[in-house]
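In: how would this look folded up:
(2 chains)
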Amino acid sequence: MGMTATLTEPQVLSKYKAAGAIEISPMHKPKGVEGYGFFATNLDKVVGLARKNSLWPLPFATSCCGIEFMATMASHYDLGRFGSERLSFSPRQADLLMVMGTIAKKMGPILRQVYEQMAEPKWVLSMGACASSGGIFDTYSVLQGIDRIIPVDVYVPGCPPRPEQVLDGIMRIQELVASESIRRRDSSEYKAMLAKYGLE
Amino acid sequence: MIPNMTELHTLVQKKLQSRFGNGLLSSEIQYDFPIFVLKKDILKDSLKFLKEDTELNFHFLTTMCGLHYPEITRPEITRPEITRPEITNSEIKGSMLGLMYQMHNLSKNWRIRLKYFMSIEDLKVPTVSDLFPTANWMERQEYDFFGFQFVGHPNLKRILNMDEMDYFPMRKEYPLEDAGRDDKNDTMFGR
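Out: Take a look at the predicted model:
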């Protein structure tokens, strides 16, 4: 291979690590006990690992943020690298509700219904200024932030955010998913939070 | 023969005058359109006449919209730049609202605009949804945003805004912003 010697894979990795790169491998192993032919860890962490790398997003795209999301899904940014290439257009099979765009007040009850139809565990990502706060539409017809009707896990700022920011938002969701206790959804705190929104 | 703008204006003006007399309050050409201001009580008759007249045949209602002039509360204190015969001649009490209808004769490509003004205290106007089916949704929109009461409309309810809304948002006395928001206070702006 010309002038430079071919590096083995561990050599390449250590070279990048020395340059300050962070490992973002989806298969990043949780803490556990390892031996020949076995690996033991908490059930929470195994479930978290599985969920984290197979999120099915439901794109609720109502305006220009949806166009940025299309770019995020396409080959150049490729959300599939994070295990989310399978979009679910049915709320019943989706894990992650991605709200992308202006939500008019008239759309509010529909968004809420979609959220209610999703099965637990579910997460919500609010993309862009409009979904997060109403954005520039400080007006009578626009909902001033979707967190007035449904709980939100991650807000992605921008108008619209670039695909990199969307990927960052998804990775934040993945962190939440990976570290979530499997009993969280049964906790009284979680139920109280839902009750605050009038959900159950 | 397609007449030019002035010829079209004169033709329609003559026809309206001979049919409705002083029901035609004023007319003018603004930019590319002949505009006719008529009395509100002949709204339906005039639209029907313009549609059914064999020569004019304005059979297509392109669009319609509501107007609101909040500064015109009484005829005698109009702003000079918007003083027009239709305002001083009519008896407007309260602030003034209006309806604009834009009509098209597709075969001759004639287009005109009609305006009807009325007081905010009397927003009852006849529906034209029986003459032009397209007016059905347009009138619902004008009801939704301005509160015009289209008498005889088959289904006069809100079309674009949420059903729970209890005011008419395009009227100038209502603020643009969402009245319910509580996060837009001084602390958000470092004051």
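
In: mind listing the helices in the chain by residue range?
Out: You didn't pick a chain, so chain A it is. Using DSSP state H, the helices of chain A run over residues A:9-18, A:43-52, A:64-73, A:108-117, A:128-133, A:163-179, A:188-196.

In: Actually, chain B is the one I wanted.
Out: B:5-20, B:43-52, B:85-89, B:135-146.

In: Would you work out how far apart the start and end of stretch A:56-76 are?
Out: 20 Å (CA to CA, to the nearest Å).

In: Any chance you could list what contacts that stretch?
Out: With contact meaning CB atoms under 8 Å, 6 or more residues apart in numbering or on different chains, stretch A:56-76 is reached by A:77, A:79-80, A:84-91, A:93-103, A:107, A:111, A:114, A:118, A:125, A:127-128, A:130-131, A:160-163, A:166-167, A:170. Where C-beta positions appear, they are placed from N, C-alpha and C, glycine not excepted.

In: Show the buried residues in these.
Out: Neighbour-count burial (16 or more other CB atoms under 10 Å in any protein chain shown) applied to those gives A:77, A:79, A:84, A:88, A:91, A:94-103, A:107, A:111, A:114, A:118, A:125, A:127-128, A:130-131, A:160-161, A:163, A:166-167, A:170.

In: Sitting in strands, which of these do you find?
Out: Residues of these located in strands (DSSP state E): A:96-100, A:125, A:127.

In: now, among those residues, which is nearest to B:Arg113?
Out: Closest to B:Arg113 out of these is A:Met100 (39.9 Å), distances taken as CB to CB.

In: which residues pair with the closest one across the strands?
Out: A:Ala61, A:Met127 (DSSP bridges).

In: contacting residues for it?
Out: Here A:Met100 is in contact with A:59-63, A:65-66, A:68-69, A:127-128, A:131, A:160 (CB under 8 Å, 6+ apart).

In: got TSV for the residues you listed, with pLDDT too?
Out: As requested, those are exported to TSV (pLDDT from 0 to 100):
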residue	pLDDT
A:Pro59	95
A:Phe60	95
A:Ala61	94
A:Thr62	94
A:Ser63	91
A:Cys65	94
A:Gly66	93
A:Glu68	95
A:Phe69	95
A:Met127	96
A:Gly128	94
A:Ala131	94
A:Pro160	93
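
In: residues near the closest residue to B:Gln17 other than its chain neighbours, how many?
Out: Once flanking residues are discounted, B:Gln17 sits nearest to B:Leu24: 5.5 Å by CB to CB, 6 or more residues apart in numbering or on different chains. Neighbours of B:Leu24 under the rule other CB atoms under 10 Å in any protein chain shown: 22.

In: out of the helices of chain A, deepest packed?
Out: helix A:128-133 (a mean of 24; mean count of other CB atoms under 10 Å in any protein chain shown).

In: What is that helix packed up against?
Out: Using 3 or more CB pairs under 8 Å, 6 or more residues apart in numbering or on different chains; DSSP states H and E, the elements in contact with helix A:128-133 are helix A:64-73, strand A:96-100, strand A:154-156.

In: Do any residues in stretch A:134-152 lie close to chain B?
Out: Yes - legend: contact between stretch A:134-152 and chain B by CB under 8 Å from any CB of the partner chain is shown at A:134, A:138-142, A:144.

In: contact partners of that stretch?
Out: A:97, A:99, A:102-108, A:111-112, A:115, A:124-126, A:128-133, A:159, A:193-194, A:197, A:199, B:160-161, B:165, B:169, B:174-181, B:183-184.

In: Could you do stretch A:162-172 as well?
Out: For stretch A:162-172, using CB under 8 Å, 6+ apart, the contacting residues are A:24, A:55, A:57, A:68-69, A:71-72, A:76-77, A:79, A:82, A:84, A:96, A:125, A:127, A:154-158, A:161.
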